[in-house]
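Need a 3D model of the following:
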Amino acid sequence: MSRNILIVGATRGLGASLRNLYATEPSTRVFATTRSDNAPESYSHPHVSWLPNIDLTKPDVGERLVSQLPSSTKLAAVIITAGYFGLETFDTPDWDKQIQMYTTSAIAPVFVVQKLVKCGILGKGSKVILVSSESGSITLRHEKEGGGNYGHHASKAALNMVGKLLSLDLKPNGIAVGLVHPGFMRTEMTKGVGYDKYWDAGGAVTPDEAARSLAGFVDKFDISKTGEYWAPRGPGDIGTAEPVLGSDLPTPLQLPW
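Residues are numbered from 1 along each chain as shown. Here you go, the predicted structure:
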């Protein structure tokens, strides 16, 4: 049985790895978004259809996305992975960085999902997976990690609320909404904010590893878990998991808000 998967933010990191992984499945067609005007010249695959000019900081992102999908398309899942991490401290808060983080993480997904539902591309049995982070859990914040990075952490907490609200609105439609912490990853984004110094000690994995565990979780995710917040890879890379939640934690791990 064939299925369609939409990956929002498919040019690098986790999104690129999910794109590559799903493209290997003979029965899966991948719709992959890029902010650029054109599809990446370095990548082409018969199972991947590129959707250019999809910028989550623009108010018409939902309309742009829907206009490029065939009207008859039915999505099995949409995975919104696109993100932005602007480093901040208490001494150096950055207004523009925070606006971009909140817009990308917590504002745009509402407009993307709403348009996909209203035009019938998402419907009964579809799944919406919003890539969040354990950094969005207020319960897991611990004094050992300190403060700072206000826009990043708080925008993920806001995304978690957005996902919960979407799950309530979409449950009558039979659409399941999940929030996920895909894992601490060895990406250009984490390296760009200096987190590469924590990769080894923090158990960081490659985007390909994270993609495999996330895809396996998505396959099993259904309406019975809609509105929930999970770490498909478990507590291994969450430094505050045991101090806050205790030992012998399961994998996957449901995270506290």
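
give me the number of residues near Lys118?
Per other Cβ atoms under 10 Å, the neighbour tally for Lys118 reads 11. In this view, the C-beta of every residue, glycine as well, is placed from N, C-alpha and C.

swap in Trp257?
Residues contacting Trp257 under the criterion other Cβ under 10 Å number 13.

residue with max distance from the center of the protein?
The C-alpha centroid of the chain is most remote from Asp91, which lies 29.0 Å away (Cα atoms, centre = their mean).

SS state for Ile129?
With DSSP: H, G, I helix; E, B strand; the rest coil as the basis, the three-state label of Ile129 is strand.

Report the separation between Gly62 and Leu116.
7 Å (Cβ to Cβ, to the nearest Å).

Mutual contacts of these two, please.
Contact criterion Cβ atoms under 8 Å, 6 or more residues apart in numbering; no residue bridges Gly62 and Leu116 by contacting each.

Would you tell me what helix or strand the residue farthest from the centre of the chain is located in?
Using DSSP states H and E, Asp91 is not contained in any helix or strand.

Phi, psi for it please.
phi -80, psi -20 (degrees, to the nearest 10).

where does the nearest residue to His47 once chain neighbours are set aside land on pLDDT?
Leaving aside its chain neighbours, His47 sits nearest to Ala23 (4.5 Å; criterion: Cβ to Cβ, 6 or more residues apart in numbering). We have a pLDDT of 97 for Ala23.

Tyr43 is in contact with Ala23, correct?
No - using Cβ atoms under 8 Å, Ala23 is not in contact with Tyr43; the gap is 9.6 Å.

Could you look up the SS state of Ile5?
Under three-state DSSP, Ile5 falls in the strand class.

hmm, I was thinking of Ala108
Per three-state DSSP, Ala108 ends up helix.

count of neighbours near it?
Neighbour count for Ala108, taken as other Cβ under 10 Å: 24.

any idea how far Phe90 is from it?
27 Å.

Kindly report the same for Ile175.
40 Å.

Who has more neighbours out of these two?
Neighbour totals were compared for Ile175 and Phe90, and Ile175 leads with 24 against 10 (other Cβ under 10 Å).

shouldn't the more buried one be in contact with Lys124?
Yes - counting by Cβ under 8 Å, Ile175 touches Lys124, with 7.1 Å between them.
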